[in-house]
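Colleague: quick one, fold the following:
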Amino acid sequence: MKIGILQTGHAPEKMLDDMGDYPGFFEQLLAGNDFTYETYAVVDGIFPEGARSCDGWIITGSRHGAYEEHAWIPPLEDLIRQIYAEGVPLVGVCFGHQIIAQALGGHVEKFSGGWSVGATRYTGEAGSKTLNAWHQDQVTMLPPGARVLASSPFCQYAALAYGDHVYTIQPHPEYGARAIEILLETRAPGVVPAYLIEDATQRLETPTTELDEAARIAAVLKGTPA
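Modeller: Model prediction:
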């Protein structure tokens, strides 16, 4: 089964040196599912021919905002709508979660409540999960037909489903402790409040449920209802 990774950002240099770029994180997260992968760096203007170019799709995280004026965002939204209309499995993470919501009629904004950083607990219809968060932007208005699958006190719409074949999540199941540590060192200073940096640093070794989340993502990509 061929999975297309729609890459919407690049990892910071230190992360690239230590761990590689974002598509590799998802390949590692989903290891053992007999998937093959093709990456399309949409952030650099590289797009697939259409929704049927792959059997399923993943949209990565990004440092960009879904509401920002970049030349690659409108065609990505068009592709999302095409994938959705044609019933091809689609998973979005962080920015991917946000851009799918925006493309399908929801609203994304820089959240007035600030940042969510590090290990965070979410609850919903599938029980509780603890995953690493890294975001200030979030979905603040649902698209028509979206179902809320998980929330936290900070993030009301933390996991969403659209129909049977689209699943999106705000936190990062592909981020382990080392990824968060690098972001705290490279992207947080001067942007994320110091007390949140300190708190997230103290929680780096908090156990997370990324394996459960990987199983859910893989199941959606294989055609199990979201």
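Colleague: give me the beta-bridge partners of residue 121?
Modeller: residue 130 (DSSP bridges).
Colleague: for it, which residues are in contact?
Modeller: Residue 121 makes contact with 128, 129, 130, 152 under the criterion Cβ atoms under 8 Å, 6 or more residues apart in numbering. Where C-beta positions appear, they are placed from N, C-alpha and C, glycine not excepted.
Colleague: switch these over to JSON lines; also include distance to residue 47 and pLDDT.
Modeller: Converted to JSON lines, the contacts of residue 121 look like this (distance: Cβ to Cβ, whole Å; pLDDT from 0 to 100):
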{"residue": "128", "distance to residue 47": "37", "pLDDT": "94"}
{"residue": "129", "distance to residue 47": "32", "pLDDT": "95"}
{"residue": "130", "distance to residue 47": "35", "pLDDT": "98"}
{"residue": "152", "distance to residue 47": "33", "pLDDT": "97"}
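Colleague: just the buried ones from these, in PyMOL syntax?
Modeller: Buried subset of the contacts of residue 121, written as a PyMOL selection, criterion 16 or more other Cβ atoms under 10 Å:
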select buried, resi 129+130+152
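Colleague: nearest to residue 93, of the contacts of residue 121?
Modeller: Distance to residue 93, by Cβ to Cβ, is smallest for residue 129 among these, at 13.5 Å.
Colleague: and the top helix by length along the chain, what's buried?
Modeller: Secondary structure assigned by DSSP state H gives helix 73-86 as the longest helix of the chain. Buried residues in helix 73-86, counted by 16+ other Cβ under 10 Å: 73, 76, 77, 79, 80, 83, 84.
Colleague: that helix packs against which elements?
Modeller: Under the contact criterion of 3 or more Cβ pairs under 8 Å, 6 or more residues apart in numbering; DSSP states H and E, helix 73-86 touches strand 56-59, strand 90-93, helix 95-103.
Colleague: the inter-axis angle of it versus helix 95-103?
Modeller: 80 degrees (axes from the mean of the first three to the mean of the last three Cα atoms, to 10 degrees).
Colleague: make residue 1 into 49 and carry on from there
Modeller: With the count now opening at 49, the last piece we talked about shows up as helix 121-134.
Colleague: hmm, who's touching helix 121-134?
Modeller: Taking Cβ under 8 Å, 6+ apart as the rule, helix 121-134 contacts 54, 56, 90, 95-96, 98-100, 105, 107, 114, 138, 147-148, 150-152, 210-211, 213-214.
Colleague: give me the buried subset of the residues you listed.
Modeller: Neighbour counting by 16+ other Cβ under 10 Å classes 54, 56, 90, 95-96, 99, 105, 107, 114, 138, 147-148, 150-152, 210, 213-214 among the contacts of helix 121-134 as buried.
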